[in-house]
Every structure is written in C-alpha cells, then in structure tokens.
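Visitor: 3D, please:
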Amino acid sequence: MIPQQLTLKNFLSYRDATLDFRGLHTACICGPNGAGKTSLLEAIAWAIWGNCRTASEDDIIHIGETETRVDFIFATHGQTYRIIRNRRRGHSGTLEFQIATTPNLVRGEIKPGSFRTLTEKGLRATQQKITDHLKLDYETFINSAYLRQGRADEFMLKKASDRKEVLAGLLKLDRYDILAGQAKEKSNEFKNQVKFVEENLLNIKQQLLAKDAIASEQINLQQTIAQLQEQQQIDTAKIQQLQTQQHQRQTGEKLLSQQQQQHKTTTQECQRLQQELAAVKQQQQELTALLQQENEITSGLALFQSLQTQEEALSAKFKIHQEAQNQRQQLQEQQRQLINQLSSKIQQIQAQLEALEQQQKEVQEVLNQQPEVEAGLAQLQTARIRLNELDRLQVEFVPLQQRRQQLQAQLDRDRALLSARLAEFNSRIQSQQAKRQKKQPQLQQEIAAIAHQILQLENKRVYQQRVSEKGQERHHFLQRLQANQRDYEAQLAELEQKIQLLGIPPQPTELLEQKTSEIAHISTNLPINSVSSYTLPNCPLCDRPLDEHHWNLVVIKHRDQQQEIWNQLWVVKEQLTVSNRELEILKNEYRQLEEALAPYETLRERRGNLQAQIDALDTEQNQIQIMQQEAAQIERSLHNGDYATEILTELQHLDRNLQKINYSEQNHALARNQEKNLRWAEIKMARIKDAASKQQKINSRRPELQNQIISLQQQLEQQQTNSEIQQQIYGLDRYIAEIGYNLDQHTKVRAEVRQNQFWLARAEKLRQAQQQYPQIQQRVCELGNLIQVRSQDLATLNNQILALRQQLEQTPDTSANMAEIEQQIQRRRQQLDQHIASLGKLQQQQEQIEKLKIQHEIQEQQLQTTRRQHRVYQALSEAFGKNGIQTLMIENVLPQLEAETNQILSRLSGNQLHVQFITQRATTNKKSSKLIETLDILIADARGTRPYETYSGGEAFRINFAIRLSLARLLAHRAGTALQMLIIDEGFGTQDSEGCDRLIAAINAIAPDFQCILAVTHIPHLKEAFQARIEVTKTSQGSRINLSI
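Guide: Okay, the predicted model is just below:
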C-alpha cells in the first residue's frame, strides 16, 4: 500500500487538513508532543479498517463538532483506490470504496469521474471488499507496516515461554487453535458415538439371545387358543337354543304388561270422567243462579254508564280551563321580566348620574390648583437649563476622570509589583544562598568518594576485558583442538577400515594403545597357518594382489600410522581438558568481575547526577548575582519614584484639564435633586388639563342620562297598565269565567263512577253465562255416555289378562341358564383375548429380532466408521495443537526471521550485535534428558553473550527495531502482499546521537526496499536528517500540517 493523499475533517485534533504523499519516499513527521503526529497515522487506519485507539468512535470527532470525515487515496497492486469514511456523533458511520478510472492522478486535483465506485450495499460488505483488495487486515497492518508507540519492545519483554504465543499471534496461528478445538470436539463427539454404538450392540446381542424361547412360547399359545375356540363354539349353540325359548316367554310377558297397562289407563280414564261430570254439573248450577239475576245487573249497568258520561264532559271542561290558566301564567311571567329589565336600566343610569356628580367634584378640586402649578413650572424650566449645562460639563469631565483613575491604579499596581518582586528576589536570594552553602560541600565530598570507586571499577573493567580476551582466545583454541580431534578420529576410522580390508579383525582398544614395536611383534608372531589358511586380500591402496611379506609390511605401516595418530589424539585430549579447565576458571573469574562491576553504571549515573547538581549550584549562584542586581535597581526606583514616568506625565496633564472644566459632582447632584423636586408641577399641570377635558365630557353627558331615565319610567308605567300583554291577560280571565268549570262537582262524579264500576264485571259474567249454558248441558250428556263405554272395555281387558297369565305359567324361564353360559363364554373370551394379545406381542418380538439383526450389521459398520473418524480427528487435534503444525511453522519461520534480523541489526550496530533464536533447551533437572519447548533470544556483542535487560536503551531499541522490522517483512510476505510502506512511530528519544545517526542510516539503507517510509519524532534536530518533512503544529483552530520537500 502506497499512500497518495489524505484529507481530514474534524478528526481528533484536526479541523481541515490535506496531506499529499505523492513524491515522498523517506519523510519525517515531526512536531512537539501532543501536536497530532500519530493522529495522521490513526486517520489512515480508521479510514481503511475503521479501527482507532479511542474507546468510542464518537471520541475521534473534533471537540465541539458533530461529524468527522477522512478521505484517503492510495495505490496497491498496480491500482489506485479511494476510501471515504464518515461518522456523525451518536449515529453509525458511512463508508465508500472507489477505484481510479485513470492510472495517474494529478497532484492535489480530483476531477469528477476520476473514480468509479466499488461500494457494496452494507458497511460490513464494503469493509470486506476493501480487505480483499488490499490483501491486508488491520492486525497485520499494525504488526507489519505500522511500528506503533510502545509496541516495539513487546516481543522482547515477554518471557521466553510466552514469546512463542506472541509470535503465534502475529503469525495468526490462533486459527489452528480453533481448528484443534474443533477437531477435539469432533473427536470427543465420535468417541461418545463409539461408546453409544457399543452399548447399543451389547443390548442388541442380549435381545437376540431370546429368539428360541419366543418361538417355543408362540407354539404353546397357538394350541391353547385352538382349544378355547372349540369350547366357545359348543356354548354358542346352547345359548342360541335357550334364547329362542326365552324369546317366546318374553313375548307373552310383553303382551301381559301391555294389557295390564291398558287396564290401568282405562280405569284412570273412568275416574277422570266421573270427576269431570261432577264439575260440569256444579258449573251448570252456578250459571243457572247468575241467569236469574239478569234484571238487577241491567239496571246497575245503566246507572254506571250515565255517571261515566257526566265525568267525560267535566274532564273536557277541565282540560280547556287548565290550558287557559297556563297561557295566563306565561303572559304574567313575560310582563314581569319586561318590568324587571326596565327597572334595572333605570337603576344603572341613575348610578351613572351619581358617578358623574362625584367626578364633577374631583375635577373642580384639581382646577382650583392651576395658579400654584403655573408658578412651579417656571421654576422647573430654570432648573432644567442649569442641569443641561452641568450634563455637558460632565461629558467632558468623566472620561478624563476615568482615565486619571486608571492611570493612578496602574501606577499603584506597578509600585506593588515592584515591591512584590523586590521581596521575592530577597527571599529567593536568601533561600538559594542557604541551600548552596549547605549542599555544595556534601556534593563535593560524595562525588570524590564515587570517583574513587569508579576508578577502582574501571581498573577491574580493564582486567575483565583482558579476561574476556583471554577467554575468547582460549575458546578459539578449544575450537581448533576440537576440529583437530574430529580430524584425527576421522583418520583413525579410515585406517581402521583399511586394516579391516587387509583381513585383520578389529583389535581391542588396548592393542591400539600399545607401542609400534609391540604391534610389529604381534604381526610377525601371527601363526603362519593363520595367514596362509586363506587367500590374502588385495592392497587397499593400489588394489594389487599381496604376498605374505608385502602383506606384513602393509600391516606394519598402517599400524605405525594408527599409533602416531593415536598419540596426537591423546595430546589433543589432554590439551582439551586443560583448556576446558582454564576456560571454566576464566568464566568464573569473569562472572565474579561482572558481579563486582554491577554497580559501575549506577555509580556513573550517580556521579553524573551529582556533577549536574554541582553545575546547577553554580548556575544558581550566577542567578543570585543577577537577582541581587535587579533587586538593587528596583529598590532605587521605588525610593526615587522614577518608575512609570509616562503615567506620571499624563496624570499631571489630566489634572490641569480637570481644573479648567471646573465641574463639581456635588453641584451636579444638587441640580438633579432640584429638578427632580420640581417635576410635580409638570405632573399636576397634566392633571389639570385632563380635568378640564373631563369637565367638558361631564357637562355633555349629564342631559343624555336624564332624558334616558324619563323615557324608561314612561315605558314602565305603560307596561303595567296598558300594554298588549296586559290586554291578553284580561281576555283570558273572561274566557275562564265563560268555561264554568266546577272542581267539587267533578270530584263527586269521579267518586260515584268508582263506586258503581263493579256492574261492568257482573254484566260481562252474565253475558258469558248466557253463552256457556247450552254447551254445559250438552257436555253433561256426553260424559254420561263415555262412562258407560269405558266400563264395558274394563270387563273385556280383565278376561284377556287372565288368559295370558295361564299361558305364562306353562312356559319356563331360561334366563338363569343363559346367564351362566354367557359368563363362561365371557371368561373364555377374555382368556382368548389375552392369549391372542400375547401371541401378537411374540410375533412383534420376532419381527423386532429380525430388524435387530439388520440393525446389528449396520451398527457394526457404523462402529468401524466412527472409530476411524475418532482416530482421524484425534490425530488432527494433535496436529493442529501447540506441538504440531504451529511449532513446525514457527521453527520454519525462525531461521528466516533470525537471518533477516541479523542483516538489519548489522547495519544498525556496525556488525557489533548478533541475535540467535533457541527453540529448545534442557530442563533444570539433571536426571532428565528431556528437552522443553521455549523461545530464548541470545544476543551477543563484542564482550560476549548477555541478557537483553543488560543492554542500554539505545542498544535495546536497535535490537527491538531489527526484530520488529524483520517481523513486519515476514508478516507482509505471509499475507501475500509486498511491504511497500513502513511507518516508524517511536524509538528516536531513546537513542544517543550516534544511535540516531545509525538508525537514520539504517532507514536510508533499507529505503530502496520500500516505496514510502514515514518516521515520527518530536526531537527537533532529527528532522534535519530528512529532506522531506511533514511538520505538525497545534493551534487554537486545531492541528496544522506544513509539507516541505
């Protein structure tokens, strides 16, 4: 990824800023701490991946703003892309992804149509498309191209046992942990399946053992069912015969029951007819008595009808009389409301006349004050002329007076500041002199003691250096001895092989240690038959046939060479032993010196601190002298008053001008009070004018009100005596008298009507009796005839019942026998059902057994498959685990990482530092030969191998930088992309001047490997080392960018 242009709006400390990267190869982003240097790099990461260091995305929005926007243009894989990311506070953001339609863009100019959108529908989909095009995710970016603040030494500060985890995290090997976990879950799943299938197979085998028992039980049940079915058929025939006989008896019983029920019904009907006949005869007698009262009832009904006619006539008069009374009351109510309205208006107008009279009195009192008020107005005019004059003088006087007060206050402040400064100088002079007199002797004494200790330690350092050089010389000598030992052993092996080719069996080691003469003696004294007993081999040098004499010569020659090499080998071994002993002594002595020299750096730092304190005391003495001179000058100025001369001159000029104006605040206040006290005349004159106006209005209003009262009184009198409503009331009174309605007479008639009202009911009963009497007579005859017919029917039914009883006595009852046989059939039916159900179960069990056979074969195959899958996933779990593929990949990566690190480190340290990665080491337990997994980093310099913590800050950073840069290259290579951009956001502050120069030289050395390198620093003098500089400054309007090439 090669950056081309970055545009920020309201992002962190930036409001509006644009940075064009085109044309930059190696550039420095410089500026003070907190100016916003790192924010530029955070903006790139946020634009591409949406990741930032802030806890909330709303925190990236500039304070006081509601929206942020980052527009980033970059090139990668031969294409130019553009990403625009927006976010509004409290809302989700938007993301746009575009690709350039033209291969090259003009600097600082983006024309419409220069880019074509690649944005997907959703934010996640667009983000995934960006990652796919870059072939780089955020984690790989910050671990490769972006060396962030505080992250360079992360790998080195980890424990040796944790570094593999860090490296695995950088290499994204954690996905293999996920695969290992998934494989382990699958392995456990298949393991449980194996256990489950095995249990099922055991259960199936147990069930298959019951097959023979089920077949035998099935045969027995079939025989029992056949016997029971035969007995059921015999009993069924018996019960059918008995059912026929029982049916005949039931038919007779049914006819007898019907005849008896009919006899009972006929008897009840005869009784009912007798009762009805008696009731009808009683009703006939009552009707006869009522018909005999016909004349009396007719006379009473005529009287009632006459009274009812009188009551209806009186009711009609009452209705007319009541309507007239209601109309009269309504007219009286209307008349009363009109009279009340007229009376109310008269009262209101009279109240207005009384109010006018009261206003007339008040207005006259005000008009009587007019002479006095006119005199007060003249005095008020004179006072206002005087007040205007004083106001004019005040306008000139106040600015001059305010300026004089400001100058006097400034003069007082200057004097107070000089006095305070004088007091501060005197206090600081006394304090610093006392501190210097107390502290300087102690510092000088302590620095002398530390200098003596440092001198002794430096002598030890020189001796340590000699010990180290001697140790290195011994170490090199030991390596040469070991090489010689390997050569001699190889020569011995070669000679032994040649001797074996001569047909001599291998000799014990003791024989090889003997002298040449002894070897020759053994060779010459060999039995002849031992040599001649077999064919001599060819010469191992020229491959020619050997006789016995030449064979002996060749053997003796090889034995001599073997003994000579063996003697030299023993000399080498003795030298190795001595050298190892000397080397161990030197190592112990070096460690003792190292322990003794442990305080050296601390003492040097302490001496530097003490010397700095002494230098500070000298500097403070110079400051004391300067403060004494300034204090004397301030004291002279205060005594002579020769400070703030310009203010004093201006004060004198202002005093002269104020005297010329001759303005007095007291006179001005008196004039204001006099004018304020005379304002009453102006107010009262306004009241007099208002009173005169009111008097005119009163004089014109009074006659109008008086005329209104007279008119209303006339209307009231007319309404009471001769109005239209009054005439209607008189007419209704006459109409009521003409109606002639008498309430007492009406009440008496109503009472008589109620008393004679019973004749209506008696007349109605008489009418009904006249209609019912012929029907009653006919019903009496009919009932007598029916009673005679029903008596004959009862005699016939008695004869039939007697005959049916005789027939039933001749037919026996078979219900008991039938019940007993049916119980036997029912019991046998239950037994059959139970046996048939058992037989069905046995048949189902046989079918289940056949299915279990098939299931047993299937599960046997499934068990084999599941076991195989369990073994496969178990192997995958181990392969994907920490000690599997991950360890193999780390071991494959480490040589490349080590070579790359040492190549970079050699540039940074001038070939003084070397790094080695160790992945296995022996345990602390000497009895165990097992190696444990680790990731130790051995760092060597000219003085030997030392722990990482003993290196200075500059050396540690060079090591960190080399490892970090090599890791970056490695990660980018594994991500499938080239590392074209490098961002260094730390490290310069820990380097001395030489280290900074080497670091810059290293950056320049690796610059050809990158398209763009950005280094971030706050150290001012380092920016001069870079030709291209991006200077960042922070202002009240936000951070600013200045690009200089």
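
Visitor: mind listing the strands for the stretch 851-1000 of the chain?
Guide: 914-922, 931-941, 944-946, 981-984 (DSSP state E, counting those that start in this stretch).

Visitor: Figure out which of the ones you listed is closest to residue 184.
Guide: With Cβ to Cβ as the measure, strand 931-941 is the member of the strands of the stretch 851-1000 of the chain nearest residue 184 (19.8 Å). To be clear about C-beta, it is placed using only N, CA and C from the backbone, and glycine gets the same treatment.

Visitor: remind me, longest helix of this structure?
Guide: Determined from DSSP state H, the single longest helix within the chain is helix 370-501.

Visitor: Tell me where the stretch 651-800 of the chain has helices.
Guide: Assigned by DSSP state H, counting those that start in this stretch, the helices in the stretch 651-800 of the chain fall at 665-677, 679-721, 724-739, 743-755, 758-810.

Visitor: elements contacting the longest one?
Guide: Taking 3 or more Cβ pairs under 8 Å, 6 or more residues apart in numbering; DSSP states H and E as contact, the helices and strands that helix 758-810 lies on are helix 211-291, helix 294-367.

Visitor: so can I have CSV of those helices showing mean neighbour count?
Guide: Output for the helices and strands packed on helix 758-810, formatted as CSV (neighbours: other Cβ atoms under 10 Å):
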stretch, mean neighbour count
helix 211-291, 13
helix 294-367, 13
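
Visitor: export those helices to CSV and tack on distance to residue 950 and mean pLDDT?
Guide: CSV is the format used below for the helices and strands packed on helix 758-810 (distance: least, Cβ to Cβ, whole Å; pLDDT from 0 to 100):
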stretch, distance to residue 950, mean pLDDT
helix 211-291, 83, 82
helix 294-367, 111, 83
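
Visitor: just to revisit the earlier point, okay, the helices of the stretch 651-800 of the chain in a markdown table with mean neighbour count, distance to residue 883 and mean pLDDT next?
Guide: Formatted as a markdown table, the helices of the stretch 651-800 of the chain follow (neighbours: other Cβ atoms under 10 Å; distance: least, Cβ to Cβ, whole Å; pLDDT from 0 to 100):
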| stretch | mean neighbour count | distance to residue 883 | mean pLDDT |
| --- | --- | --- | --- |
| helix 665-677 | 14 | 100 | 82 |
| helix 679-721 | 13 | 108 | 81 |
| helix 724-739 | 12 | 125 | 81 |
| helix 743-755 | 13 | 125 | 83 |
| helix 758-810 | 13 | 107 | 82 |
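
Visitor: Locate residue 41 within the secondary structure: which element?
Guide: helix 37-49 (DSSP states H and E).

Visitor: pretty sure residue 606 contacts residue 449?
Guide: No - counting by Cβ atoms under 8 Å, residue 606 sits too far from residue 449 to count as a contact (10.3 Å).

Visitor: which of those two has more neighbours?
Guide: More neighbours surround residue 606 than the other of residue 606 and residue 449, with 16 against 12 (other Cβ atoms under 10 Å).

Visitor: Tabulate the helices and strands packed on helix 758-810 (TSV), appending distance to residue 1020.
Guide: As requested, the helices and strands packed on helix 758-810 are exported to TSV (distance: least, Cβ to Cβ, whole Å):
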stretch	distance to residue 1020
helix 211-291	99
helix 294-367	89
